[in-house]
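Novice: need a 3D model of the following:
(2 chains)
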Protein chains: 2
Amino acid sequence: MKNIQVVLARRPNGTPVAEDFSIRETPVIQPDNGQALIENIYISLDAGFRNWMDEDAGDEVLPAMPLGQPVMGLTVGRVITSKHPGLPVGKLVMGRLAWESFSLASDDFLVPLDDNDAIPEHYHLGILGDTGMSAYFGLKDIAAPGPGDTVLVSAAAGSVGYVAGQIARIMGAKRIVGITSTEAKRQRLIKEVGYDEVINYRQGNLDEQLKSACPAGVDVYFDNVGGPILETVLGQINQGARIPFCGAVADYSRTAPSGPSNLFMLVTQCARLEGFLTHTKLARYDEARQQLKAWMGEGALKTFVQSYQGVDQCGIAFADLFAGNNFGKTIVKV
Amino acid sequence: MKNIQVVLARRPNGTPVAEDFSIRETPVIQPDNGQALIENIYISLDAGFRNWMDEDAGDEVLPAMPLGQPVMGLTVGRVITSKHPGLPVGKLVMGRLAWESFSLASDDFLVPLDDNDAIPEHYHLGILGDTGMSAYFGLKDIAAPGPGDTVLVSAAAGSVGYVAGQIARIMGAKRIVGITSTEAKRQRLIKEVGYDEVINYRQGNLDEQLKSACPAGVDVYFDNVGGPILETVLGQINQGARIPFCGAVADYSRTAPSGPSNLFMLVTQCARLEGFLTHTKLARYDEARQQLKAWMGEGALKTFVQSYQGVDQCGIAFADLFAGNNFGKTIVKV
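Specialist: Numbers count the residues shown, from 1 in each chain, chains lettered A, B, ... in the order given. Now for the predicted structure:
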């Protein structure tokens, strides 16, 4: 039994590319006392992990990823051998493990999962995991869209964005507008996800496209990217606008990100830019998951997954994420 | 009877200087039907009016200030001749009028005032006006400082900042720290206003001074300046930090203000940057004024005013404001 691992071959220079990663096979190591061996089933690809790929990244709790070692990532897997009483064989778990077929783990960074046939295992990485809950908490706690509101979502086809657009609709917003990077994604977002309008920011002037797509201005901007798009949107926010600030893909790959020069718009428009992280809301995971499941059950919330087959695809899938070739939640089936 | 006016002689190039303004005497013009003649008593100097001094500033409601005309400003005055039934002779009013001894006005932009001997007229321009209420609303509605909180205030000696520091103390914050631009103001803020520590940002490294003055990090940053100081403070905010964003003096004089490159700190710290304007809270002016008066009555809130004598001093007073030569609310006694 071999362990196929995808390792960090070199530190990405800006935007990650597939060549930053390489594949190796190692023997599967059996667990020590207090450990369990997990067979990974799905691996989640998340842009945020880019943050730990730079040499000077991380902190004492979570240091920068070492070169030549399996890349850190979120996975769902099942315990297959155990020397840990809390992690019995057969247990389904989610954890911050690595891009590999098998992982050794103690209970640090491991969450036991509800093993329920009605829920595909990969939902725990997407719609019922961090990304789905990010959309939920950002809209419910910060944006609170009302009936007359125009809601704009950046990275609208991304794992958080495609859920945010749908939840804004469920919450009764008047107009849901997305920003994405290709015509193909634009079409799918309108036809399959239900956005009213979607802007391809790589095609034509963003400022003018925004004015045309949001003729009544922007009441909520669910920001998944930061950077220059945030600056352009700030120029068109309405009085009392709310900006749940979820991610900053634009900044992950840049050594010297520039900030918006028009932050003062927040003052003149009495608007709010508020960052958040799902993991600070642990006590409300149940509420969020129940609500998301209920909406899925009613058919109001659809799931989109871009799945790659084989653990060796992790590097390619990760690079695709930054190249904008993803639609919905990106996962690798191990 | 002559009207002494201070006119905009040329458009300021960045930071306003006294030479941008000139003085002229004109005859006092009597009111037409629907107008009243106001004798200005005090003129308020507010950095925000800088925004209307550029040629391309303003909008249809409030266009850029024309060259050669009296500078737009907030004043308190008394009606001395009237052809307006709602503005009887003797009535005390506050209005967006001009840097001049006498102003003609209809009731646009005019607010009748409570004419009460216990309240000096200039309080309506400061502690009980826009600046005092800005401090109140920013702390009460956005910051809500708690008992363990470190509250940092920029432009701490300014008209909003000196009030904000005191209100944070009244609301029970643990540590009140200010940022100012001279050693003289630093000393007065500690000794007279009651700040625990004050940083002179022109002296030494701001980042290091902040770490030393706020050893437990920053929970509330009452931001009156924006610009590079905001960037430095963002590097030291705590989880759940609140940043009432009140003004951006740093930006008023700059053609191309740069934004903070580390806005993503708002995400990692689940923090909130929220702009506000007092004039959107008209319905709560009574609440704010009653509370501010009560605190003054208890001796918990002190008033600091920097007063210039003579309407011809307006340009000098305005330039002093940008040069950092002000302490408390800056007014000109006409």
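
Novice: residue A:96: what's its closest spatial neighbour, skipping adjacent residues?
Specialist: residue A:109 (4.1 Å; CB to CB, 6 or more residues apart in numbering or on different chains). Bear in mind the C-beta positions are built from the backbone N, C-alpha and C, glycine included.

Novice: just the pLDDT for the one you found.
Specialist: According to the prediction, residue A:109 has pLDDT 79.

Novice: just the one 3 residues further on next, same as before
Specialist: Taken from the predicted model, the pLDDT recorded for residue A:112 is 88.

Novice: what about the closest residue to it other than its chain neighbours, helix or strand, and which?
Specialist: Excluding the flanking residues, the one nearest residue A:112 by CB to CB, 6+ apart is residue A:93, at 5.6 Å. Assigned by DSSP states H and E, residue A:93 belongs to strand A:92-98.

Novice: gap between the helix or strand just after that strand and the chain center?
Specialist: On the C-terminal side of strand A:92-98, the nearest following helix or strand under DSSP H and E is strand A:102-105. Strand A:102-105 has its C-alpha centroid displaced from the chain centroid by 23 Å (CA atoms, centre = their mean, to the nearest Å).

Novice: and strand A:102-105, which strands flank it?
Specialist: Strand A:102-105 sits in its sheet next to strand A:36-44 (antiparallel), going by DSSP bridges.

Novice: and the strand holding residue A:93, what does it pack onto?
Specialist: Applying 3 or more CB pairs under 8 Å, 6 or more residues apart in numbering or on different chains; DSSP states H and E, one finds that strand A:92-98 contacts strand A:36-44, strand A:72-82, strand A:102-105, strand A:110-112.

Novice: could the ones you listed go into a markdown table alongside mean neighbour count and distance to residue B:280?
Specialist: Output for those, formatted as a markdown table (neighbours: other CB atoms under 10 Å in any protein chain shown; distance: least, CB to CB, whole Å):
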| stretch | mean neighbour count | distance to residue B:280 |
| --- | --- | --- |
| strand A:36-44 | 24 | 42 |
| strand A:72-82 | 21 | 42 |
| strand A:102-105 | 23 | 52 |
| strand A:110-112 | 17 | 43 |
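
Novice: in chain A, which residue sits closest to chain B?
Specialist: Of all residues in chain A, residue A:259 sits closest to chain B, at 2.7 Å by CB to the nearest CB.

Novice: which residues does that residue contact?
Specialist: B:231, B:258, B:259, B:260, B:261, B:262, B:263 (CB atoms under 8 Å, 6 or more residues apart in numbering or on different chains).

Novice: and if you look at residue A:188?
Specialist: Here residue A:188 is in contact with A:157, A:327 (CB under 8 Å, 6+ apart).

Novice: just for the stretch 101-250 of chain A, where's the confidence low?
Specialist: The model of the stretch 101-250 of chain A has pLDDT under 70 over residues A:248-250.

Novice: hmm, 90 instead?
Specialist: A:106-119, A:204, A:225-228, A:246-250 (pLDDT under 90).

Novice: can you show me the helices along it?
Specialist: Under the criterion DSSP state H, counting those that start in this stretch, the stretch 101-250 of chain A contains helices at A:130-137, A:161-170, A:183-188, A:206-213, A:227-234, A:249-252.

Novice: just to revisit the earlier point, and the angle from the strand holding residue A:93 to helix A:130-137?
Specialist: On the basis of axes from the mean of the first three to the mean of the last three CA atoms, to 10 degrees, strand A:92-98 is oriented at 100 degrees to helix A:130-137.

Novice: report the distance from strand A:92-98 to the chain centre.
Specialist: The answer for strand A:92-98 is 16 Å, by CA atoms, centre = their mean.

Novice: show me what the helix or strand residue A:331 falls within is packed against.
Specialist: Secondary-structure assignment from DSSP H and E places residue A:331 in strand A:329-333. Here strand A:329-333 touches strand A:36-44, strand A:305-309, helix A:314-323, going by 3+ CB pairs under 8 Å, 6+ apart.

Novice: list the contacts of the second one.
Specialist: Okay, so that is strand A:305-309. Contacts for strand A:305-309 (CB under 8 Å, 6+ apart): A:122, A:126, A:314, A:316-317, A:326-333.

Novice: for the longest one, same thing?
Specialist: In this structure, residues lying in contact with helix A:314-323 by CB under 8 Å, 6+ apart are A:6, A:15-18, A:20-23, A:43, A:45-47, A:49-50, A:71, A:73, A:99, A:249, A:253, A:306, A:308, A:326, A:330-332.

Novice: can you say which of those residues are buried?
Specialist: For those, a neighbour count by 16 or more other CB atoms under 10 Å in any protein chain shown gives the buried set as A:6, A:16-17, A:20-21, A:23, A:43, A:45-47, A:49-50, A:71, A:73, A:99, A:249, A:253, A:306, A:308, A:326, A:330-332.

Novice: you'd agree residue A:260 is up against residue A:237?
Specialist: No: between residue A:260 and residue A:237 there is no contact under CB atoms under 8 Å: 11.3 Å.

Novice: neighbour count winner among these two?
Specialist: Between residue A:260 and residue A:237, counted using other CB atoms under 10 Å in any protein chain shown, the more crowded position is residue A:237 (27 against 24).

Novice: that one pairs with what?
Specialist: Here residue A:237, judged by DSSP bridges, has bridge partners residue A:218.

Novice: thinking it is in contact with residue A:243, fair?
Specialist: Yes: Residue A:237 lies in contact with residue A:243 (CB under 8 Å); the separation is 7.5 Å.

Novice: hey, what's in contact with both of the two?
Specialist: Joint contacts of residue A:237 and residue A:243 (CB under 8 Å, 6+ apart) are A:221, A:271.

Novice: ok so, going back, can you list the helices and strands packed on strand A:329-333 in TSV and add distance to residue A:210?
Specialist: Converted to TSV, those look like this (distance: least, CB to CB, whole Å):
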stretch	distance to residue A:210
strand A:36-44	31
strand A:305-309	27
helix A:314-323	23
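
Novice: take the ones you listed and lay them out in CSV including mean pLDDT.
Specialist: Listed next are the helices and strands packed on strand A:329-333 as CSV, based on pLDDT from 0 to 100:
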stretch, mean pLDDT
strand A:36-44, 97
strand A:305-309, 97
helix A:314-323, 94
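
Novice: within range of chain B, give me the residues from chain A.
Specialist: Listed as neighbours of chain B in chain A under the rule CB under 8 Å from any CB of the partner chain: A:226, A:230-231, A:239, A:245-248, A:251, A:256-277, A:280.

Novice: which of the contacts of residue A:259 tops the neighbour count?
Specialist: residue B:263 (26 neighbours).

Novice: not counting sequence-adjacent ones, nearest residue to that one?
Specialist: Spatial nearest neighbour of residue B:263, excluding adjacent residues (CB to CB, 6+ apart): residue A:259 at 5.4 Å.

Novice: and if you look at residue A:244?
Specialist: Closest residue to residue A:244 apart from its sequence neighbours, by CB to CB, 6+ apart: residue A:138 at 3.4 Å.

Novice: that neighbour contacts residue A:164, doesn't it?
Specialist: Yes: using CB under 8 Å, residue A:138 is in contact with residue A:164, at 6.6 Å.

Novice: between those two, which contacts overlap?
Specialist: By the contact definition CB under 8 Å, 6+ apart, residue A:138 and residue A:164 are jointly contacted by residue A:222.

Novice: quick one, longest helix in chain A?
Specialist: In chain A, assigned by DSSP state H, the helix with the most residues is helix A:285-297.

Novice: now it: how far from the chain's centre is it?
Specialist: 18 Å.

Novice: equivalent analysis for stretch A:7-21, please.
Specialist: That offset, for stretch A:7-21, works out to 19 Å (CA atoms, centre = their mean).

Novice: any idea of the mean pLDDT for that stretch?
Specialist: Mean predicted confidence for stretch A:7-21 is 95.

Novice: can you give me the end-to-end span of it?
Specialist: End-to-end span of stretch A:7-21 (CA to CA, to the nearest Å): 6 Å.
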